[in-house]
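1. return a 3D structure for these sequence lines:
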Amino acid sequence: MENPFVLVETNLGDLLIELYPEKAPRTVANFLEYVDAKHYDGTIFHRVVRGFVVQGGGYDRSLNKKPALPPIPNEAKGGLSNVKDSVAMARAPEKDSATDEFFINAADNGPDLDHQDDSDEGYGYAVFGHVVEGSDVVKKINWKVVKPTGDFPELPKDEVYIISARRFE
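-> Numbering: from 1, shown residues only. Next up is the predicted model:
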């Protein structure tokens, strides 16, 4: 079986993401459910930490939280590492709390973000894909100047948003 791909069009350029269902089946299915529902269209990258991550998928361009599906089990034990350009699920402090938000690693963040133990703190972040085209776009997003705004301490000063996210055949 070939791995699925998703084309994410942003206002700064396109990202082609290869997904790994054999390593993170529930996470990939969850992500594709949001893609197929066009959930990510018009969402922003609301957290940009230079040299670390770019995170998005949960808020619209007016900074309103989008409705999300129930949380999924954390698949950080899948054997994939949070290396540069890998795509992982964002979550709250509880290990099984990921819903719609994802992040792209702007640097090699494993083993810090990888599974270390079964506690909430050490469980890690489930990698489920990798940017195979568009790493220059990830870099552009990651180098945006941030301006703390309300509940968003790492919000880019110039809006960065997803125009569309679709399966790519």
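2. let me see the confidence value for Met1.
-> Here the pLDDT value assigned to Met1 is 67.
3. actually Glu169, not the one I typed
-> For Glu169, pLDDT reads 85.
4. apart from its neighbours in sequence, what residue is nearest it?
-> Among residues not flanking Glu169 along the chain, Phe5 sits closest, at 7.7 Å (C-beta to C-beta, 6 or more residues apart in numbering). No exception for glycine: its C-beta is placed from N, CA and C like everyone else's.
5. pLDDT below threshold where in this protein?
-> The model of the chain has pLDDT under 70 over residues 1.
6. which residues of it fall in strands?
-> 5-10, 13-19, 43-49, 53-60, 86-89, 102-105, 127-133, 162-168 (DSSP state E).
7. elements contacting the longest one?
-> Counting contacts by 3 or more C-beta pairs under 8 Å, 6 or more residues apart in numbering; DSSP states H and E, strand 53-60 is packed against strand 43-49, strand 102-105, helix 135-142.
8. could you do the fifth one as well?
-> Secondary structure elements in contact with strand 86-89, counted by 3+ C-beta pairs under 8 Å, 6+ apart, are helix 25-36, strand 102-105, strand 127-133.
9. tell me the contacts of the nearest residue to Pro25 once chain neighbours are set aside?
-> Counting by C-beta to C-beta, 6+ apart, Glu75 is the residue found nearest to Pro25 once chain neighbours are left out, at 7.6 Å. Listed by C-beta atoms under 8 Å, 6 or more residues apart in numbering, the contact set of Glu75 reads 23-27, 126, 128.
10. how close does Glu75 sit to His115?
-> 9 Å (C-beta to C-beta, to the nearest Å).
11. same thing with Gly57?
-> Taking C-beta to C-beta as the measure, Gly57 falls 22 Å from His115.
12. test of understanding: give the bridge partners of the residue nearest to Glu169.
-> Glu18, Phe168 (DSSP bridges).
13. what residues are up against it?
-> Counting by C-beta under 8 Å, 6+ apart, Phe5 touches 16-19, 132, 167-169.
14. out of these, who's nearest Leu155?
-> Distances from Leu155 to the contacts of Phe5, taken as C-beta to C-beta, are shortest for Ile17 (22.8 Å).
15. that closest one: what's it in contact with?
-> 5-8, 87, 129-132.
16. in those residues, find the pair that's most separated.
-> Top of the distance list for those (C-beta to C-beta): Leu7 and His130, 14.0 Å.
17. neighbour-wise, which one of the contacts of Phe5 leads?
-> Ile17 (26 neighbours; other C-beta atoms under 10 Å).
18. so how far is Lys140 from that one?
-> Counting by C-beta to C-beta, the gap from Ile17 to Lys140 is 16 Å.
19. what do you get for Leu69?
-> To Lys140, Leu69 is 30 Å away according to C-beta to C-beta.
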